[in-house]
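Peer 1: Below are the sequence and a predicted model; questions follow.
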Amino acid sequence: MRWGITGHRGLPAPVERLIRGELATQVQQHDGVDLIGVSCIADGPDAWFAEAVLEHGGRIEVVIPAEQYRDGLPENHHPTYDKLIAQAVEVHSTGMRESTAQAHMTGSEILVGLVDRLVVVRDGLPARGYGGTADVVAYARDMGVPVDVVWPAGASRA
């Protein structure tokens, strides 16, 4: 089973706890040996999902949207990013240099093309910018990739 992840970043700590619990529950429904998680390993759900897959005995593949992608992530996330990319069994790249909205969407398109299902941490609202979670969901659905939305009751982006 190859699962991808996309989702909102910058979620408050109480929502993080809810989402981490939901992601762990999703991952634990599958045999860890056969599970491959595909992620861009950004801060938030991307990294939380990758960590849950690894903790369950699965493997991860990483999609890097751009050479400068890591530099655009919060500095406090860099150690987690570095740890996860070091554990990846395969790394995919867009070949783009600058970490732009187009690079992020291209990375997401590559991710969607690699997976059987897409787990989405999303509140259901429109994307806040091109390449946002809603755009990735629309692309996955256009490509026929099943989408599993994770958004626990009581969760809010505010």
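Peer 2: Looks like it arrived, so ask away.
Peer 1: CA atoms for contacts and neighbours, from now on please.
Peer 2: Will do.
Peer 1: And the strands in the protein?
Peer 2: Here the chain has its strands, by DSSP state E, at 2-7, 36-39, 59-64, 90-93, 117-121, 147-150.
Peer 1: surely D46 meets W3?
Peer 2: No. With contact defined as CA atoms under 8 Å, D46 does not reach W3; the gap is 11.5 Å.
Peer 1: May I have the residues that are in contact with the residue nearest to G44 when sequence neighbours are not counted?
Peer 2: With sequence-adjacent residues excluded and distances taken as CA to CA, 6 or more residues apart in numbering, G44 is closest to R9, at 5.1 Å. Contacts for R9 (CA atoms under 8 Å, 6 or more residues apart in numbering) come out as 42-45.
Peer 1: Farthest pair within those residues?
Peer 2: Taking CA to CA as the measure, those span a maximum distance of 7.6 Å, between A42 and P45.
Peer 1: okay, those two: which has more neighbours?
Peer 2: P45 (27 against 24; other CA atoms under 10 Å).
Peer 1: Run through the bridge partners of the nearest residue to that one once chain neighbours are set aside.
Peer 2: Nearest non-adjacent residue to P45, counting by CA to CA, 6+ apart: G7, 5.7 Å away. Under DSSP bridges, the beta-bridge partners of G7 are V121.
Peer 1: which residues does the closest residue to Q102 other than its chain neighbours contact?
Peer 2: Take Q102 and drop its neighbours on the chain: the residue closest to it by CA to CA, 6+ apart is G131, 6.7 Å away. Each residue near G131 by CA under 8 Å, 6+ apart is listed here: 101-102, 104-105, 108.
Peer 1: Torsion angles phi and psi at G131?
Peer 2: phi 90, psi 0 (degrees, to the nearest 10).
Peer 1: What's the per-residue pLDDT of it here?
Peer 2: With respect to pLDDT, G131 scores 83.
Peer 1: With Y139 as the reference, measure out to it.
Peer 2: 10 Å (CA to CA, to the nearest Å).
Peer 1: Show me how to select, in PyMOL, the buried members of the contacts of G131.
Peer 2: Here is the PyMOL command that selects the buried residues among the contacts of G131 (16 or more other CA atoms under 10 Å):
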select buried, resi 104+105+108
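Peer 1: what's the closest of the contacts of G131 to Y69?
Peer 2: H104 (8.6 Å).
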